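1. heads up, no residue letters with this:
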């Protein structure tokens, strides 16, 4: 089963005609997890032919406008469309006051069930199939990165099962890693199963380079990372606590990531983003630049 990822917005603080504000949707089984919700995100859902009422969780990296100004409208739309689940929203620690302010900005129509989770570094959610971790970033305001990790699974070797003619409930025991007796013979689970590793997707948006970047991205199958500047603007990147394309690529390389997708692209590159890609690929070859409404599978 593939994990679909849709880039709903890929711009930096100022949007362009081609790039909306930051938002990425990860879909996994019954989970629809939105990472950030920049202005216009709910309209991007429509363009991508996705149903926002299927959302289960929203991960907010930080409260700068280009990452959250789509939240009020999205929540209002969910309420007006009869959203009947509990929407879990994960935010940096000690920032719940911003959720409260959002509700005081306008007359909210309808009702929606929200559960707010203030999180810092560590595992913030665990299910039988996956877990999500957050890590503190350095952006001058409470900021998190996030990683989604699918748990490894024990799989049955179909060829060996067919050869031994094993059927029925005992297959379930083997899948749990338990030995069985079949035709008066003991069959070890280890001899007929294999471990399928889980996949990991990491999200690093606004931040200055720091050690937690590498922890977030460690051994990821896909790293989605901001790339607001090139090395020519390295001093500006440091001053504004952002990453350059080269730094994003270095994170991917040092963390043993398999693929890097650059996002959070500055308007200064709206006519030509090749310098960003070239700079990153000189360090980490398996790099591409995200485009609005681009869909990939991991």
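-> Structure's in. What do you need? Owing to the predicted nature of the structure, the values given are computational and were not obtained by experimental measurement. Numbers count the residues shown, from 1 in each chain.
2. Nearest the middle, which residue of the protein would you pick?
-> residue 203 (5.1 Å; C-alpha atoms, centre = their mean).
3. gap between that one and residue 24?
-> Look at residue 203 and residue 24: by C-beta to C-beta, to the nearest Å, they are 7 Å apart. All C-beta spots, glycine's among them, are computed from the backbone N, C-alpha and C.
4. count of neighbours near residue 121?
-> 16 (other C-beta atoms under 10 Å).
5. ok, now residue 135?
-> 23.
6. Next up, the contacts around it.
-> 121, 144, 145, 146, 147, 212, 215, 216 (C-beta atoms under 8 Å, 6 or more residues apart in numbering).
7. Next: residue 42.
-> Contacts here follow C-beta under 8 Å, 6+ apart; on that basis residue 42 touches 52, 70, 73, 74, 77.
8. Equivalent analysis for residue 193, please.
-> 154, 155, 156, 157, 174, 175, 177.
9. Neighbour count and pLDDT added to those residues, as TSV?
-> Below are the contacts of residue 193 laid out as TSV (neighbours: other C-beta atoms under 10 Å; pLDDT from 0 to 100):
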residue	neighbour count	pLDDT
154	14	78
155	11	78
156	16	77
157	14	74
174	24	72
175	15	70
177	12	72
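10. so how far is the helix or strand of the chain with the lowest mean pLDDT from its chain's centroid?
-> Sorting the helices and strands of the chain by mean pLDDT, DSSP states H and E puts helix 170-175 at the bottom, at a mean of 72. Distance of helix 170-175 from its chain centroid, counting by C-alpha atoms, centre = their mean, to the nearest Å, is 33 Å.
11. How about stretch 4-18?
-> 14 Å.
12. Pull out the buried residues from it.
-> 5, 6, 7, 8, 9, 10, 11, 12, 13, 15, 16 (16 or more other C-beta atoms under 10 Å).
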